[in-house]
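*Asks:* can you look at this prediction? I've put the sequence above it.
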Amino acid sequence: MQIGIVGMPYVGKTTLFNALTKSNAETGNYAGRIGANIGNVKFPDERLEPLAAIFKPKRIVPTSIEYIDVAGMAKGVIEKGRMDVNLLAALRNVNALAHVVRVFEDDNVPHVDGVIDPKRDIENLNIELALADLQIIEKRLERLGRELRTTKTPSLVHEQELLEKFQHSLESNIPLRETEISADEELMIRGYQFLTQKPLLLILNIGEEQIGNSDSLLEQLSEFAQKPNSKALAVCAQLEMEIAELDDEDAAVFREDLGLEESAMTRVINLSYELLALITFFTGGDNEVRAWTTKRGATALSAAGMIHSDMERGFIRAETIQADDLIRCGSLAKAKEAGLLRLEGKEYLVQDKDFLTIRFSV
Ligand SMILES: Nc1nc2c(ncn2[C@@H]2O[C@H](COP(=O)(O)OP(=O)(O)OP(=O)(O)O)[C@@H](O)[C@H]2O)c(=O)[nH]1
Ligand SMILES: [Mg+2]
């Protein structure tokens, strides 16, 4: 899974990126303008270690998330063609966008638009993303118009109607993530990878002195957070970056002192999973204990296919238990004795934090 970090210039995108990925990318000095920072985070699910204690595998494989931190998008960059096309192309491939919004006050850190105004920034960035989508739509509509002059191919007519509907939405300030489309239409436009169609995580970058206030700051922006396919949270990127540089023990002490329960990394990952309707399941054996990410609603058969195509082809059944129950029992044999191990078929809907053993024969 890939998440693109976007926002106005100089709002703390790279600072947050460093906090999330424990990287050391240069911040300040409009450093991000040069190119993108890419970093991978292993999601430290707390169940992996206890599961490894049961199976004593050769290795533990967590799931991971990739973050791409791109240059700031000031008002007008798209219209003026100032946004690097490669960065835009990279953003089109992500699964979700994380929009970093500056809330922290600091006279030493200038804002491109003067005063700090989170609402204005959210609206302005939405406009830039909409313009980037509109450019693509307009180009395509021009071509479709030419092609349809000679033959009225039904699928192209449908595409034209859909793109005109999108154009109208975007011009009325409605991002595509808020417009409803059918599954067929979704397939038709998937290739365009529209930016305003991506699920959106609003990340308010608050100052240290605003930590106690984060709920009311979030409340003030709830109109945005409550939109379809959107979620919001507040983090103190600067502080989180500093804590991310400490070793785990010191970091835990520091967090407790500050009243910060979970790391920004964990909170952002958890909210991303919620936003994208993702779940985690586990597998384990002598070789490895591993966490996997899939869509909520995935069947046991599709989970088997993720692990190995042979497992999907020769699927017999899935032995299933909640990972926490397995950890509590101490072994699969004891879980079976306790009647907690269930036998499920192909159509079983995998549940979040399930531990699966796929029985198969090829
Ligand atoms: N006081 C304070 N300063 C911060 C915070 N987060 C970031 N900064 C400062 O803001 C400046 C810009 O931070 P960056 O992380 O480089 O911002 P950016 O959004 O990546 O900037 P560009 O890539 O140039 O668009 C740096 O000087 C940071 O130290 C914060 O929470 N509090
Ligand atoms: Mg940057």
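*Replies:* Yep, it's here. The structure displayed is predicted, hence computed values, not measured ones. Numbers count the residues shown, from 1 in each chain. Ligands and ions are numbered 1, 2, ... in the order given.
*Asks:* find the nearest non-adjacent residue to Met241, please.
*Replies:* Distances taken as C-beta to C-beta, 6 or more residues apart in numbering place Ala19 nearest to Met241, at 4.2 Å, with adjacent residues excluded. Every residue, glycine included, has its C-beta placed from N, CA and C.
*Asks:* so for Gly32, what's the pLDDT?
*Replies:* Per-residue confidence (pLDDT) for Gly32: 47.
*Asks:* which residues touch the closest residue to ligand 2 within the stretch 251-362 of the chain?
*Replies:* At 16.2 Å from ligand 2, Ala264 is the closest residue in the stretch 251-362 of the chain, using C-beta to the ion. Counting by C-beta atoms under 8 Å, 6 or more residues apart in numbering, Ala264 touches 16, 19-20, 235-237, 240.
*Asks:* 10 Å instead, please
*Replies:* Applying C-beta atoms under 10 Å, 6 or more residues apart in numbering to Ala264 gives the contacts 16, 19-20, 203, 233-237, 239-241, 243-244.
*Asks:* out of those residues, the closest to ligand 1 would be?
*Replies:* Ala237 (4.4 Å; C-beta to the nearest ligand atom).
*Asks:* you'd agree that closest one is up against Asp69?
*Replies:* No: at 11.4 Å, Ala237 does not count as touching Asp69 under the criterion of C-beta atoms under 10 Å.
*Asks:* the bottom helix or strand of this structure by mean pLDDT?
*Replies:* Lowest by mean pLDDT, DSSP states H and E among the helices and strands of the chain is helix 248-258, with a mean of 89.
*Asks:* check which residues of that helix are buried.
*Replies:* For helix 248-258, burial by neighbour count (16 or more other C-beta atoms under 10 Å) applies to 251, 255.
*Asks:* number of nearby residues for Ser222?
*Replies:* 10 (other C-beta atoms under 10 Å).
*Asks:* likewise for the one 5 residues further on?
*Replies:* As a burial measure, the neighbour count of Lys227 was computed by other C-beta under 10 Å and equals 16.
*Asks:* kindly report the same for the one 3 residues further on.
*Replies:* Neighbours of Ser230 under the rule other C-beta under 10 Å: 18.
*Asks:* any idea how far Ala237 is from the nearest residue to it once chain neighbours are set aside?
*Replies:* Among residues not flanking Ser230 along the chain, Leu200 sits closest, at 4.6 Å (C-beta to C-beta, 6+ apart). Using C-beta to C-beta, to the nearest Å, one gets 18 Å for the distance from Leu200 to Ala237.
*Asks:* and the closest residue to ligand 2 within the stretch 101-250 of the chain, what does it touch?
*Replies:* In the stretch 101-250 of the chain, the residue that lies nearest ligand 2 is Ala237 (11.0 Å; C-beta to the ion). Ala237 is in contact with 11-20, 27, 100, 102, 104, 203-207, 264, counting by C-beta under 10 Å, 6+ apart.
*Asks:* pLDDT value on the residue located most distally from the centre of the chain, please?
*Replies:* Relative to the centre of the chain, the most outlying C-alpha is that of Thr150, 42.8 Å out, by C-alpha atoms, centre = their mean. Thr150 is assigned 89 on the pLDDT scale.
*Asks:* which helix or which strand is home to Leu356?
*Replies:* strand 354-360 (DSSP states H and E).
*Asks:* buried residues in that strand?
*Replies:* Residues 354-356, 358, 360 are the ones in strand 354-360 that count as buried (16+ other C-beta under 10 Å).
*Asks:* quick check: domain ranges of the protein?
*Replies:* Domain assignment for the chain, taken from automatic domain parsing, gives 2-275, 297-360.
*Asks:* least reliable of the ones you listed going by mean pLDDT?
*Replies:* When those are ranked by mean pLDDT, domain 2-275 comes last with a mean of 93.
*Asks:* which non-adjacent residue is nearest the residue in the stretch 151-300 of the chain that ligand 1 sits nearest to?
*Replies:* Per C-beta to the nearest ligand atom, Gln238 is where the stretch 151-300 of the chain lies closest to ligand 1, at 3.4 Å. Excluding the flanking residues, the one nearest Gln238 by C-beta to C-beta, 6+ apart is Thr15, at 5.7 Å.
*Asks:* out of the contacts of Ala264, who has the most neighbours?
*Replies:* Leu20 (29 neighbours).
*Asks:* got the contact list for that residue?
*Replies:* Leu20 sits next to 3, 5, 39, 41, 65, 67, 69, 98, 203, 235, 237, 240-241, 244, 263-269 when contact means C-beta under 10 Å, 6+ apart.
*Asks:* mind doing that once more with 6 Å?
*Replies:* By C-beta atoms under 6 Å, 6 or more residues apart in numbering, Leu20 lies in contact with 67, 265.
*Asks:* wasn't it part of a helix?
*Replies:* Yes: Leu20 sits within a helix when classified using DSSP: H, G, I helix; E, B strand; the rest coil.
*Asks:* measure the residue of the stretch 101-250 of the chain closest to ligand 2 to Lys165 for me?
*Replies:* If you go by C-beta to C-beta, the gap between Ala237 and Lys165 works out to 37 Å.
*Asks:* ok so, going back, so which strand or helix has the residue nearest to Gln238?
*Replies:* Taking DSSP H and E as the criterion, the element that holds Thr15 is helix 13-21.
*Asks:* likewise for His158?
*Replies:* His158 belongs to helix 154-171 when assigned by DSSP H and E.
*Asks:* list the buried residues in that helix.
*Replies:* Quick answer for helix 154-171 (16+ other C-beta under 10 Å): 159-160, 162-163, 166-167, 169-170.
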